[in-house]
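Student: Attaching a predicted model along with its sequence, questions to come.
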Amino acid sequence: MKRSGPRALTRPGKGEVRQEAPPPEFAAVIGEVFSERECLALRDLVDLGGDGYRAGLVGGREADGVRRSTIAWIPETPEWHWVEARMARLMAEAQRITGLEIEALEERLQIARYGAEHRDGFDWHSDRGAGTLARRRKLSVSVQLSSTVEYRGGHLEVIGDGRTWRAPRAMGTAIVFASFLTHRVTPVTHGVRHSLVGWAHGNSVR
Ligand SMILES: O=C(O)CCC(=O)C(=O)O
Ligand SMILES: [Fe+2]
């Protein structure tokens, strides 16, 4: 895992080189968490996954307008334990960076697929909610599972420090942020974006 410097150079396309803005307080970028091969294997779960991975959703899609994506759950079988182990390590690092105390990962991990065919995305929201688990969410993580050339739109944006921060897109990069921060995924306009999403939990605010 590589923690990227605050002013890493990226090439967003069309020959333009842009200085990436540093993440706001309570957010961090951790690079190279998953290899390309691992990202592709995770993507297959939602691309090839049967209805068994689509519990609770109508046709694999959520009905409300806030979230438009197809999701799959990481199976809780031994062959997928490496994903949870990697995410636990990542969350431990995120805890050190953000100073937010976490106790455990209490929810299953998800793979999300955002396709241009429905302009999939996820409007502004916070991951903390009133539910038993949702109110214990402390850290949210999104791992970019698609390469930058595979889609347009689909930007993960987080509001913090009084500004809107746009997350880096390199495949295998993790973006970690406090679950109370408002964030969104802008509509995908071309191609498909995949992400691995998870949460770490702990005592309310401490
Ligand atoms: O797909 C992402 O990068 C983030 C999704 C998200 O915000 C969520 O599932 O709560
Ligand atoms: Fe979210």
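Tutor: Everything's here; your move. Ligands and ions are numbered 1, 2, ... in the order given.
Student: Look at W165 and say how many residues are nearby.
Tutor: 21 (other Cβ atoms under 10 Å). Using the backbone N, CA and C atoms, a C-beta is placed for each residue, glycine as well.
Student: can you pull the contacts of it?
Tutor: 21, 23-24, 27, 157-159 (Cβ atoms under 8 Å, 6 or more residues apart in numbering).
Student: Try it again at 7 Å.
Tutor: W165 is in contact with 21, 23-24, 27, 157-158, counting by Cβ atoms under 7 Å, 6 or more residues apart in numbering.
Student: check which helix or strand covers it.
Tutor: Following DSSP states H and E, one finds W165 within strand 163-166.
Student: returning to that earlier point: drop the exposed ones from the contacts of W165 and show what's left.
Tutor: 23-24, 27, 158 (16 or more other Cβ atoms under 10 Å).
Student: Report the beta-bridge partner residues of the most centrally placed residue in the chain.
Tutor: Central residue of the chain (Cα atoms, centre = their mean): S142, 1.5 Å from the mean position. When assigned by DSSP bridges, S142 has beta-bridge partners I175, V197.
Student: From what I see, it and V197 are in contact.
Tutor: Yes. Counting by Cβ atoms under 7 Å, S142 does reach V197; the two are 5.4 Å apart.
Student: What strands line up against the strand holding W165, and which way round?
Tutor: Paired with strand 163-166 in the same sheet, following DSSP bridges, are strand 156-160 (antiparallel).
Student: Now do the strand it pairs with: everything it contacts.
Tutor: Residues contacting strand 156-160 (Cβ under 7 Å, 6+ apart): 24-27, 142, 164-167, 175, 177, 181-186.
Student: contacts with ligand 1 among these, please.
Tutor: The subset of the contacts of strand 156-160 within reach of ligand 1, by Cβ under 6 Å from any ligand atom, is 142, 183, 185.
Student: what secondary structure does the nearest residue to the last one once chain neighbours are set aside sit in?
Tutor: Nearest residue to V185, sequence neighbours excluded (Cβ to Cβ, 6 or more residues apart in numbering): F122, at 4.2 Å. Of the three states, F122 takes strand according to DSSP: H, G, I helix; E, B strand; the rest coil.
Student: Next, count neighbours for F122.
Tutor: Neighbours of F122 under the rule other Cβ under 10 Å: 21.
Student: okay but it is in contact with R184, surely?
Tutor: Yes. Using Cβ under 7 Å, F122 is in contact with R184, at 5.8 Å.
Student: and the biggest helix by length in the chain, which residues are buried?
Tutor: When the chain is parsed with DSSP state H, its longest helix is helix 81-98. The neighbour-count check on helix 81-98 (16+ other Cβ under 10 Å) flags 83, 86-87, 90-91, 93-95, 97-98 as buried.
Student: Ok, stretch 158-167 next?
Tutor: For stretch 158-167, by 16+ other Cβ under 10 Å, it's 158-160, 164-165, 167.
Student: same question for that stretch, mean pLDDT?
Tutor: When pLDDT is averaged over stretch 158-167, the result is 97.
Student: what are the C-alpha coordinates of it, in CSV please?
Tutor: Taking Å, rounded to 0.1, in the frame of the first residue of the first chain, the C-alpha atoms of stretch 158-167 are listed here in CSV:
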residue,chain,number,x,y,z
VAL,A,158,-16.2,14.6,-0.9
ILE,A,159,-17.1,17.8,0.8
GLY,A,160,-14.6,18.8,3.5
ASP,A,161,-12.6,21.8,4.7
GLY,A,162,-15.3,24.0,3.0
ARG,A,163,-14.6,22.7,-0.5
THR,A,164,-15.5,19.9,-2.8
TRP,A,165,-12.7,17.5,-3.3
ARG,A,166,-12.5,15.2,-6.3
ALA,A,167,-10.9,11.8,-5.6
